[in-house]
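Engineer: For reference, the sequence and a predicted model appear below.
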Amino acid sequence: MSCHSPASGQVGGRTVTALAPATVRVLLVGGPNVGKSTLFNALTGARQRTTNAPGTTVELATGTWRTAAPTAAGSATERAIVDLPGSYSLLARSSDEQVTADAVRELAHSSVRATGQRGVVVVVLDATALPRSLYLLAQVAETGVPLVVALTMLDLTPTNSSAAAMDPDTLAAALAASLGVPVVPLDARNRGAGGLSALGLAVDAVADHPRRVTGINPPASVPDLGHDLAHAETLFAWVEKVTTQVTRSLAPEDGSAPAASGRRLHRTFSDRVDTVLLNSWTGIPVFLAVVWLLFELTTTFAGPLQGFIGQLVKGPLASAVTSALGLVGLGDSWVQSLLVDGLLVGVGTVLTFLPVMAVMFAALGVLEDSGYLARAAFVADRAMRSLGLDGRALLPLIVGFGCNLPALGATRTLPHARQRLLTGLLIPLTSCSARLTVYVLLADAFFPQHAGTVIFAMYLASVILVLGAGLALRQSVFRDVHAEPLILVLPPYQRPHLRTLGMSVRMRLGAFVSGAGKIIVGTMLVIRVLMAFPMTGQYTVGHVPVADSLYGRTASGIAPALAPAGFGNDHAAAALITGFVAKEVVVGSFAQSYAVTKPGDSGQTQSLGEQLRGSFDESSRGHGGAAALAFMVFVLAYTPCVATLAEQRRLFGWRPTASALVAQLASAWALAVLVFQVGSRL
């Protein structure tokens, strides 16, 4: 099947991409936890990418679905497929649901105008909850789009339902007879028995000869998706009619009445486990234990890998590049500095984050696919209501205390884009472990008798900042985010599929490397250029002391602005600039600027502490302790590391990221000044 270049147009105020007429566009539509994303991964494999819907922060997965030709003489068939956000209804209550509704409406417009663009909606139905899934199907069918039904969760059908007595093909045939459109039973987690080829044939057939759902009569024009109560009752009556027809067709041949599919005759395994996990006395300790396990996984598995990658980059790889440059006469030059200390270090920074991100994505995938994540959200819901968020937002915020970067990745579990954005803006205020190294250095230097209390106070301040910023954002730019009742469908517990999980982790890691990785490497190169460029003719490029470089002069220019906070000296200013790259680099910057080794090396912690006390006492006019507290507050509140900023930009776009950057710098300066001015007077 030939493919042509896409064209763009405007539909409903949004930019949409129109494919060439020969290409079949497939939209995956379904509710949360029905196996839609698992099906998408199985259909596309590695031929997929993650992007944001135009003009929104809603993440979409798009890819190419390729199947072999039915005959040896034919050619392979390719389809462009989009995994739309999970929705219970096309009556949009969030930007995620609006993107789904708009995509279905845009495809319906194409069909009505007979543009030649072929498109099919694949509606994914959950066999364990057919009535709820059928209501969404009815809304999609009303738009008049050609559609195919994919029936999933067949292995989880309750044992007391009439459907359990039938094999998947029998149940699919009964549904197809009632609906009038192809129904394909699927097990997307098992490609060998998944029916993916049958789904491809059904999609191609419907694309060529559209089929409509029996009993749903779309109007002549594409309808507005808003319904009144009477119309909703009409759809519910249709759902009940289809459910009754399917139940009767599955009745045993002896004439006995089938068991009602919605009635539980006995407690299932999920019911028994939920009595523990949803209990307020036992559920919260289990949730905290799960969070602790996430930190342990990161420390136990990702930590050593990070160290190994860092040593590999700084050791053998750096030596190899240095030797190669020496052979071509560029040894000990600014080119070496740029390539080794800029490009290679930037690439190494991206690589060292990969184990952390992989562990976090895998852990979240296990929690989500197993069914536990919905239970954790239920247990934590009450704690997040004051911020207009539901319980699903608590996990990313807690993860942020370990590392802000994977915490941003954890926001993908939130159902609405505005909730993801609000949570993503609050995560940088959680005190990550990298900030802890700064707290330890300054607390030991200025408050040796109360270092533990000071460090604890910083984490308490982090919690207060998250709550305060969340309330402030709720009253300003996030007035539309309300503490709505949490409506959750608790999926049955199931075993995560390793192949699908690995594919999901690989896709998200690839998106991080291609999106955030470019920004990280670029920022490292810029900083290296600033450090290599001399401000006087006394030095040459690449051979200049830090103080006389453009980087050092920039720090000197910033220092006066920090004077009201008590640490208006070049050492502190330079450390804060490097902290923009990574917070743990602040300690190394202090050590380098004071010409001493890092703390812990050769027992020179006290030497660095004395240097710090001397410069802070001088810049604060004798109030070094207050200035140190102000510096720690500044480190807590100002911009996160460049990797976190890059991930924010990838997930939410430049505008929210830049706005947050300015707000964090302003609030960090104001808080630091407040702490110093109050502390110096006590």
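Structural biologist: It's in.

Engineer: sec struct for Y88, please.
Structural biologist: Look at Y88: counting by DSSP: H, G, I helix; E, B strand; the rest coil, its state is coil.

Engineer: how about the nearest residue to it once chain neighbours are set aside, what does it touch?
Structural biologist: In space, and not counting its chain neighbours, Y88 is closest to G31: 5.1 Å by CB to CB, 6 or more residues apart in numbering. All C-beta spots, glycine's among them, are computed from the backbone N, C-alpha and C. By CB atoms under 8 Å, 6 or more residues apart in numbering, G31 lies in contact with G86, S87, Y88, V124, D126, R132, S133, L136, V489.

Engineer: Going by distance to Q336, which of these wins?
Structural biologist: Of all the contacts of G31, Q336 sits closest to G86, with 50.9 Å by CB to CB.

Engineer: so where do the helices sit in the stretch 301-450 of the chain?
Structural biologist: 303-312, 318-327, 334-336, 345-370, 372-384, 394-400, 404-410, 417-426, 433-446 (DSSP state H, counting those that start in this stretch).

Engineer: Could you report the separation of T639 from A410?
Structural biologist: For T639, the distance to A410 (CB to CB, to the nearest Å) stands at 20 Å.

Engineer: what about those two, which has more around it?
Structural biologist: Set T639 next to A410 and count neighbours by other CB atoms under 10 Å: A410 wins out with 27 against 20.

Engineer: residues near the closest residue in space to S549 that isn't next to it in sequence, how many?
Structural biologist: For S549, ignoring the flanking residues on the chain, the nearest one in space by CB to CB, 6+ apart is M531 at 5.1 Å. Residues lying near M531 (other CB under 10 Å) number 20.

Engineer: N41 versus M531, what's the distance?
Structural biologist: M531 is 44 Å from N41, by CB to CB.

Engineer: quick revisit: highest average neighbour count across the helices of the stretch 301-450 of the chain?
Structural biologist: Burial of the helices of the stretch 301-450 of the chain is given as mean neighbour count (mean count of other CB atoms under 10 Å); helix 404-410 ranks first at a mean of 26.

Engineer: quick check, I81 in a strand?
Structural biologist: Yes. Counting by three-state DSSP, I81 is part of a strand.

Engineer: need the contact list for it.
Structural biologist: R25, V26, L27, L28, F40, L43, T44, T62, G63, T64, W65.

Engineer: Can you select the buried ones among the residues you listed for me in PyMOL?
Structural biologist: In PyMOL, a selection of the buried entries from the contacts of I81 looks like this (16 or more other CB atoms under 10 Å):
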select buried, resi 25+26+27+28+40+43+44+62+63+64+65
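
Engineer: What about the contacts of I81, which are in strands?
Structural biologist: R25, V26, L27, L28, T62, G63, T64, W65 (DSSP state E).

Engineer: For the second one, which non-adjacent residue is closest in space?
Structural biologist: In space, and not counting its chain neighbours, V26 is closest to I81: 4.3 Å by CB to CB, 6+ apart.

Engineer: Now do that neighbour against T44, distance only.
Structural biologist: For I81, the distance to T44 - CB to CB - is 6 Å.

Engineer: Now for those two: what residues contact both?
Structural biologist: Counting by CB under 8 Å, 6+ apart, the residues touching both I81 and T44 are G63, T64, W65.

Engineer: ok, the first one to M507 distance?
Structural biologist: Read it as G63. G63 is 9 Å from M507, by CB to CB.

Engineer: got it, and the second one?
Structural biologist: Taken as CB to CB, the spacing of T64 relative to M507 amounts to 13 Å.

Engineer: mind listing what the spatially closest residue to N569 that is not a sequence neighbour touches?
Structural biologist: Once flanking residues are discounted, N569 sits nearest to S619: 4.4 Å by CB to CB, 6+ apart. By CB under 8 Å, 6+ apart, S619 lies in contact with A563, G566, F567, G568, N569, A572, A627.

Engineer: Could you look up the SS state of S619?
Structural biologist: Strictly by three-state DSSP, S619 counts as helix.

Engineer: Now do it, the pLDDT please.
Structural biologist: You'll see S619 listed with a pLDDT of 86.

Engineer: Likewise for V678?
Structural biologist: 92.

Engineer: Chain neighbours aside, what residue packs nearest to it?
Structural biologist: A626 is the one closest to V678 (CB to CB, 6+ apart), at 8.0 Å.

Engineer: if I look at that neighbour, how far off is E97?
Structural biologist: 50 Å.

Engineer: Compute the number of surrounding residues for A561.
Structural biologist: A561, neighbours per other CB under 10 Å, totals 11.

Engineer: now L562
Structural biologist: 23.

Engineer: Tell me if I'm right that it and D570 touch.
Structural biologist: No. Judged on CB atoms under 8 Å, L562 makes no contact with D570 at a distance of 10.1 Å.

Engineer: Quick one: distance of the longest helix seen in the chain to the chain centre.
Structural biologist: Longest helix in the chain, counting residues (DSSP state H): helix 498-532. What separates the centre of helix 498-532 from the centre of its chain is 14 Å, taken as CA atoms, centre = their mean, to the nearest Å.

Engineer: In the stretch 101-250 of the chain, where is pLDDT below threshold?
Structural biologist: Scanning the stretch 101-250 of the chain with the threshold set as pLDDT under 70 gives 111-117, 155-167, 188-194, 218-229, 250.

Engineer: the strands in it, which residues?
Structural biologist: With DSSP state E, counting those that start in this stretch, the ranges of strands along the stretch 101-250 of the chain come out as 119-126, 147-152, 183-185.

Engineer: need the ones you listed in a markdown table with mean neighbour count and distance to A643, can you?
Structural biologist: As requested, the strands of the stretch 101-250 of the chain are exported to a markdown table (neighbours: other CB atoms under 10 Å; distance: least, CB to CB, whole Å):
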| stretch | mean neighbour count | distance to A643 |
| --- | --- | --- |
| strand 119-126 | 26 | 35 |
| strand 147-152 | 26 | 36 |
| strand 183-185 | 23 | 42 |
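
Engineer: Could you point out which of the ones you listed sits nearest G195?
Structural biologist: Using CB to CB, the nearest of the strands of the stretch 101-250 of the chain to G195 is strand 183-185, at 5.4 Å.

Engineer: That closest one pairs with which strands?
Structural biologist: Strand 183-185 pairs in its sheet with strand 147-152 (parallel), by DSSP bridges.
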